[in-house]
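Visitor: Here is the input, now give the coordinates:
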Amino acid sequence: MMKVPVEWLKEYVAVRLSLEALAVRLTMAGLEVVGIERVDGQPVLDLEITPNRADCLSIIGIAREVAALTGQRLKLPPAPGSGLGARGKNRGPSAQSPQPRANLKIRIEDRAGCSRYIGRLIEGVRIGPSPDWMQRRLTACGIRPINTVVDITNYVLLEYGQPLHAFDFDRLSGGTILVRRAKAQEPITTLDGLRRTLSAEMLVIADAKQPVAVAGVMGGMGSEVMPATKRVLLESALFDPVSVRRTARTLGLTSESSYRFERGVDPVGVETASVRAAALINELAGGEPCRVGDAGERPSKRTVVTLDAGRAARWLGMRLPPATIRTTLARLSCHVASRGTGEVVQVSVPSFRRDLAHDVDLYEELARIAGYDRVPSTLPIDTLVSGRSEHTERFWRLQSLRGLCASLGLAEAITWSLISEADLLRCGYTAQQAVSLANPLSQDHAYLRPSLLAGLLQAVRRNLTQGASGVHIFELGSVTSPADHVESLRVGIAISGLWTRDWRTKESCDFFRLKGIIDVLVGRGRHGSVQFVNRPHRWAEPSQSTVVQLDGRQIGEAGQTARVIAQAWDLEHDVWFAELSVEALLRSARTRAAVRTPPAFPPVKRDLSVVLDDQTPFASVYQAMADAGGALASHIELIDRYVGPQIPNGKHSLTFSIEYRDPSRTLTSAEVDALHHRIGETLASRFNAQLR
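Guide: Numbering: from 1, shown residues only. Sure thing, here's the model as predicted:
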């Protein structure tokens, strides 16, 4: 979400449209305006920014879009004299700064996590409140004013999209900045007042003794700018998006900085924003730049993309004149090679447009600026490639198996892959005949299923108790062998009650009906004969069970579930069950391909009820919960809103249902409790929420 005060926007581009017309134009161009609000009387646009448009997480970025869409000229802030270039020499302390000559040392140990770091030392700073105009703009964007220097870093962050941080230089040990990985269990107290324990995968900014900031996420309290601060070290850096995202999720800590670093910032803007902030500090706080340390690599050359106007016409369904293409790309700050008049041109992409890497990206930009409504409706034309890949072949064969089961009168069921010991016993298994989990979420899900029987029996019982006269279901699911812990894909079939029900006949499910289904499934499209050989099974009624063989090889088992098992599941009707190896079926088919098994681990659901100010944006609450929960909070859903006598005026109670899931393993109760507690604490700290 990006808040854009219209007054601030007009500083960089002339806005001649009404607010409503501007909102429609931006939305149609892919920057959805979800609302227009007024803060202290000034209109503010609320924009939903897609993850690939990190360049629009700034006022200037939105101004660029408005200029490109309306043909207006973009007016950037004047390039100020910084007093020092990014690699300038020490000018010595200013007349206002009696401190001894600064000894600034900057070193990057982890170039993968931080490719560039600029530290600008500014002396003679006077800390106080920022000007009213700056405070109004920050407030309109949802940021609380603090003091001159901190407000300037936030102001430039919003203006350019480049996060900055200001350290009290005199509180940095040894005048040293070291960009390194944290030590295991290394502590830091962040600016939100919470003491956090870091891991060795996290990137930190440290002085000569200890961490002073979590890189790209939040600074530490030990070096924050205070009213008595006289010397400021202004940080502007380029951090790895993946590293910042992983750290923020792990710590359950999100910020305006991490939000932008996670999506990627402009490499050129690292220096531009630093110079801009230094100039504002000089203007508003009296600070004089005295030294700059610049470590890391300078930005590489622009990305060059080849654009073919003829191919663009085929992709878009309309032809744009070469002059229009050049003008449109120029409005997007792209440079088009001037040589040649043909349809193929070389386009140099600006550094802030990281999403423009291929020719099709440029085609989309042409359509976006021209207006999607101008793209004519045409039938798609493409070249079909003969043949089928191994992946698609396997997919369609499994889909064909599902379709065949449905054509035989079976409905597909999806059941839990984790079962309880009681379910194992009720199916004739012992606990030793299944793989147990080291840390089960509950006793109801403590074992990996050795068979599809338990889930299908539960589905049969549920349907029969709800009044169904007959149940005919199948499932394609994985089972785990207790002998070698190997997972395999099976197709399970369960039929019970009436097969057909009309005024002429009432056919009941029996072994022959089950056998006929197996005959079709195994015999379809395969060579060889299907055999049914009598053999007892732990789950089956004596003398009512067989193994299914194809050319003498066992591929499954079938029969009537034992009556004692049916009684254990509260079933009055006989249940006929079969389980076949999908691997064996596909291996014996005419073609072969790889198998892809479905996820085997279910989510853990928890509810969370909080009392919030009813003016708090839901999107902010949701985003905070998602950030705090991280990737393991796979689904968050609002299930109830309550306003009543027990809730104070101006507040409401929201109840969320949260699903926690790790696709690679089963989460422990302690892990889920910690995540759930973290989400609640995040809401309490960020929104003053009261947990119910």
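
Visitor: Could you break the chain into its assigned domains?
Guide: If you go by automatic domain parsing, the domain ranges for the chain are 2-70, 105-296, 303-371, 392-587, 604-691.

Visitor: How far away from the center of its chain is the last one?
Guide: When you say that, I think you mean domain 604-691. 17 Å (CA atoms, centre = their mean, to the nearest Å).

Visitor: Could you pull out the strands in the stretch 101-250 of the chain for me?
Guide: Residue ranges of the strands in the stretch 101-250 of the chain, as given by DSSP state E, counting those that start in this stretch, are 105-108, 114-123, 164-168, 176-181, 187-189, 195-197, 203-206, 211-214, 218-219, 232-239.

Visitor: Can I get those in CSV including distance to residue 283 and mean neighbour count?
Guide: (Glycine included, C-beta is placed from N, CA and C.) Formatted as CSV, the strands of the stretch 101-250 of the chain follow (distance: least, CB to CB, whole Å; neighbours: other CB atoms under 10 Å):
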stretch, distance to residue 283, mean neighbour count
strand 105-108, 25, 16
strand 114-123, 12, 24
strand 164-168, 15, 25
strand 176-181, 25, 20
strand 187-189, 32, 17
strand 195-197, 35, 14
strand 203-206, 26, 25
strand 211-214, 26, 26
strand 218-219, 23, 24
strand 232-239, 14, 27
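
Visitor: where are the low-confidence patches of the stretch 451-600 of the chain?
Guide: Along the stretch 451-600 of the chain, segments meeting pLDDT under 70 span 503, 524-529, 587-599.

Visitor: do that again at 80, thanks
Guide: Within the stretch 451-600 of the chain, the set of residues satisfying pLDDT under 80 comprises 501-506, 523-531, 543, 551-552, 584-600.

Visitor: in it, which spans are helices?
Guide: Using DSSP state H, counting those that start in this stretch, the helices of the stretch 451-600 of the chain run over 453-465, 511-523, 563-568, 582-587.

Visitor: Just tell me which of the ones you listed ends up closest to residue 142.
Guide: Counting by CB to CB, residue 142 lies closest to helix 453-465 out of the helices of the stretch 451-600 of the chain; the figure is 47.8 Å.

Visitor: Restrict that closest one to CA atoms and write it as PDB.
Guide: Output in PDB follows, covering the C-alpha atoms of helix 453-465 (Å, rounded to 0.1, in the frame of the first residue of the first chain):
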ATOM      1  CA  LEU A 453      -8.700 -46.900   4.300                       C
ATOM      2  CA  ALA A 454      -9.200 -44.800   7.400                       C
ATOM      3  CA  GLY A 455     -10.000 -41.600   5.500                       C
ATOM      4  CA  LEU A 456     -12.300 -43.300   3.100                       C
ATOM      5  CA  LEU A 457     -14.200 -45.100   5.900                       C
ATOM      6  CA  GLN A 458     -14.700 -41.800   7.700                       C
ATOM      7  CA  ALA A 459     -16.000 -40.200   4.500                       C
ATOM      8  CA  VAL A 460     -18.400 -43.200   4.000                       C
ATOM      9  CA  ARG A 461     -19.700 -42.900   7.500                       C
ATOM     10  CA  ARG A 462     -20.200 -39.100   7.200                       C
ATOM     11  CA  ASN A 463     -22.200 -39.500   4.000                       C
ATOM     12  CA  LEU A 464     -24.300 -42.400   5.200                       C
ATOM     13  CA  THR A 465     -25.200 -40.700   8.500                       C
END
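
Visitor: which of the domains of the chain sits most buried?
Guide: Highest mean neighbour count of those: domain 105-296, a mean of 21 (counted as mean count of other CB atoms under 10 Å).
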